[in-house]
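Engineer: kindly return the folded structure for what I paste below:
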Amino acid sequence: MRARFKDDLKSAEMTLSERTMAIELGRFGMAARGVTFLVIGWFLIQAGLHHDAGRAHGFGGAFLFLLAQPYGHLLVGIIALGFVALGLHSFACARWVRLLGSSG
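Structural biologist: Modelled structure (predicted):
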């Protein structure tokens with residue numbers, strides 16, 4: 001995974017461990033978000049194909065669908081940890097992201 005967001009980090013102000021942690025948290029969080037959006041997208045495709053808006057679900061429906069799968073509790077737990085990681089990555093970005101127009 002390329003992790004394009006790492007190019008926006010102020011690497012000079014970060015230790016190697018801080019940079020590594022910010023990148024890995026971002027990767028894990030983005031993957032968890034991607035799985036969730038993939039399931040929601042599948043619901044939207046099914047709703048369109050069957051001309052039934054009731055088949056479209058949001059985050060709640062995606063999590064309920066994943067819970068119903070084999071090892072669903074484990075899968076939703078991992079995704080929940082991914083969302084926590086994405087939140088921690090957002091805190092890191094609030095501290096170390098290079099803003100548009102800045103030279104640092």
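
Engineer: quick check: buried residues in the lengthiest helix in the chain?
Structural biologist: Longest helix of the chain, by residue count under DSSP state H: helix 16-49. Neighbour-count burial for helix 16-49 flags 19, 21-23, 25-32, 35-36, 39-40, 43 (criterion: 16 or more other Cβ atoms under 10 Å). All C-beta atoms are positioned from the backbone trio N, CA, C, and that covers glycine.

Engineer: which element follows it toward the C-terminus?
Structural biologist: helix 59-67 (DSSP states H and E).

Engineer: tell me what that following helix is packed against?
Structural biologist: Helices and strands touching helix 59-67, as assessed by 3 or more Cβ pairs under 8 Å, 6 or more residues apart in numbering; DSSP states H and E, comprise helix 16-49, helix 72-96.

Engineer: need the residues that contact it.
Structural biologist: Thr36, Val39, Ile40, Phe43, His57, Gly72, His73, Leu75, Val76, Ile79 (Cβ atoms under 8 Å, 6 or more residues apart in numbering).

Engineer: so His57 touches Trp42, yeah?
Structural biologist: No: using Cβ atoms under 8 Å, His57 is not in contact with Trp42; the gap is 9.6 Å.

Engineer: same list (the helices and strands packed on helix 59-67) but as JSON lines, adding distance to Asp8 and mean pLDDT.
Structural biologist: What follows is the helices and strands packed on helix 59-67, written out as JSON lines (distance: least, Cβ to Cβ, whole Å; pLDDT from 0 to 100):
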{"stretch": "helix 16-49", "distance to Asp8": "10", "mean pLDDT": "94"}
{"stretch": "helix 72-96", "distance to Asp8": "8", "mean pLDDT": "94"}
